[in-house]
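> Got a predicted structure plus its sequence, pasted below:
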Amino acid sequence: MIKVKARGNESIQQMIKRFKKMCEKEGLTKDIKKNSYYEKPSERRRRRMRKTIKRVTMGG
């Protein structure tokens, strides 16, 4: 669980910004977006294959 404590006289906006940054760093935002809609297994395989092909062609 991510916790954010106020530093000195830090504003709420700064705390929220720090919280969002921590969530992004933990991969939470990516995970939430991934799980926000259902992806069929065939679509998941297709996406992974495209990612693999892209990685191989860019690296080679």
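In hand now; what should we look at?
> Next secondary structure after the helix or strand of the chain with the lowest mean pLDDT?
Lowest mean confidence among the helices and strands of the chain (mean pLDDT, DSSP states H and E): helix 28-35, at a mean of 84. Proceeding N to C from helix 28-35, the next assigned helix or strand is helix 41-59, under DSSP states H and E.
> Next, the angle from that following helix to helix 28-35.
130 degrees (axes from the mean of the first three to the mean of the last three CA atoms, to 10 degrees).
> follow-up on the earlier one: could you export the least confident helix or strand of the chain as CSV, CA atoms only?
This file holds the C-alpha atoms of helix 28-35, laid out as CSV (Å, rounded to 0.1, in the frame of the first residue of the first chain):
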residue,chain,number,x,y,z
LEU,A,28,-0.1,0.6,-10.5
THR,A,29,-1.5,3.0,-13.1
LYS,A,30,-0.5,0.7,-16.0
ASP,A,31,-2.1,-2.3,-14.2
ILE,A,32,-5.3,-0.4,-13.6
LYS,A,33,-5.6,0.6,-17.2
LYS,A,34,-4.8,-3.0,-18.3
ASN,A,35,-7.6,-4.3,-16.1
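> which residues sit against that helix?
2, 20, 23-24 (CB atoms under 8 Å, 6 or more residues apart in numbering). (Glycine included, C-beta is placed from N, CA and C.)
> Kindly give a single PyMOL line that selects the buried subset of those residues.
Command for PyMOL, covering only those of the contacts of helix 28-35 found buried under the criterion 16 or more other CB atoms under 10 Å:
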select buried, resi 23
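> quick one: least confident of the contacts of helix 28-35?
Confidence by pLDDT is poorest for Ile2 among the contacts of helix 28-35, given 83.
> thought it was touching Arg18?
No: assessed by CB atoms under 8 Å, Ile2 is found out of contact with Arg18, at 9.9 Å.
> Could you pull out the residues contacting both of these two?
What both Ile2 and Arg18 touch, as defined by CB under 8 Å, 6+ apart, is an empty set.
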